[in-house]
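Trainee: Any chance you could fold what I've pasted below:
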Amino acid sequence: MKMVTLSSLVVLFAIASMVAIAPQAFAEHGATSVTVENAPGSSVPGCEETAEGCFIPNIATVVIGGTVTWENGDTAAHTSTAGSATEGPSGVWDSSLIMAGSSFSHTFDAEGSFDYFCMVHPWMAGTVIVEAEAAEEEVHEEVHEEEEVHEEVHEEEEVVYEKIAPTMSVGSTTMTGGSGSGDMTDLLHWNINGGDILSMHIDEDNASLVIDMTSYDDGELFVALDETYIGSDDGTFFVIVGGEESNDYEQAGNDLFISFPAGTESIEIVGSYAVPEFGTIAMIVLAVAIVSIIVLTTKTRTTLIPKL
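Mentor: Alright, predicted model coming up:
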């Protein structure tokens, strides 16, 4: 159980990490819109030597169909012109003068890397990278794969809980254990999904444990047999479901996992010997023994008293 819980936590952490980095991944691989601003003081040389560059961000990444908007927050006019100061305009786009407080937008319909510069201040240069949407789809697929792994681990946890935790409720499965009203329900560890236990009792003549039940769906019964009440000389048991022999069960030592169809009303587990619960006959024998001890003690005391 600790291993299953640990693996679940690892998967949950992985999913949380994917969700946390997804926005950043999308930004790195391309967005649908990006806003570029002028670096402070970019109208004079020097910004090109900084880490940020003269346009912030210096490299803008969008997907095909994405839009880049250049906002001029400077007091001087600027341009956004595709190309470079050394080779001149490429003709892909040209904003002409962007006056102070104004902006210019361009939508990219082709994949590629596009350099641009300011024709008024040629030291100002930047790059636009246009990517296909596949990068974003790959991130979605990775997150989806992590979610599928988590679902598989969750299903494994449900199976473990169903087979090991007799008092757990998993999803819509009803489980009860050790609280029934029959003779043996309080003495054995058990659980059931797809039905309810009505009673459990020992059939000493057939060396078996008889389980009366109702079942509203196909399900599985787990019962941990106690050798104090029922056991097998060779370690194997014979299982009867609804009056018919069944091989649809698993055994791990004295633990049985028995599958049953909807409508099943009884399950019988046959071993080599069966001892009923401490019942009426045993009580009578115990009472007789106690009375005999009292009588014997009284006679002994009477014998030991000297006659006057």
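Trainee: make it CA atoms for all contacts and neighbour counts henceforth
Mentor: Fine.
Trainee: Give the bridge partners for residue 201, please.
Mentor: With DSSP bridges as the criterion, residue 201 is bridged to residue 210.
Trainee: Number of residues surrounding it?
Mentor: By other Cα atoms under 10 Å, 18 other residues sit near residue 201.
Trainee: what about the chain, any weak spots by pLDDT?
Mentor: Low-confidence segments of the chain, defined by pLDDT under 70: 1-30, 134-144, 146-147, 149-182, 276-287, 297-308.
Trainee: Domain parsing of it, as residue ranges.
Mentor: Residue ranges for the domains of the chain, per automatic domain parsing: 2-134, 168-302.
Trainee: Tell me which stretches of the stretch 151-300 of the chain form helices.
Mentor: Counting by DSSP state H, counting those that start in this stretch, one finds helices in the stretch 151-300 of the chain at the ranges 280-304.
Trainee: Also the stretch 1-150 of the chain?
Mentor: Ranges of helices in the stretch 1-150 of the chain, per DSSP H, counting those that start in this stretch, are 2-29, 134-164.
Trainee: can you tell me how far the nearest residue in space to residue 32 that is not next to it in sequence sits from residue 38?
Mentor: Using Cα to Cα, 6 or more residues apart in numbering and skipping the chain neighbours, the partner closest in space to residue 32 is residue 66 (4.2 Å). Distance of residue 66 to residue 38, computed by Cα to Cα, to the nearest Å: 20 Å.
Trainee: picking that back up, and the residue nearest to residue 32, how many neighbours does it have?
Mentor: Residue 66 sits with 19 neighbouring residues when counted by other Cα under 10 Å.
Trainee: which phi and psi does residue 243 have?
Mentor: Backbone geometry at residue 243, expressed as degrees, to the nearest 10, gives phi 90, psi 0.
Trainee: surely it meets residue 266?
Mentor: Yes. Between residue 243 and residue 266 there is a contact at 7.4 Å, judged by Cα atoms under 8 Å.
Trainee: Comparing those two, which residue is more hemmed in?
Mentor: Each of residue 243 and residue 266 had its neighbours counted (other Cα under 10 Å), and the higher figure belongs to residue 266 (20 against 12).
Trainee: surely that one meets residue 209?
Mentor: No. Residue 266 is beyond contact range of residue 209, at 10.5 Å (criterion: Cα under 8 Å).
Trainee: Much appreciated, bye for now.
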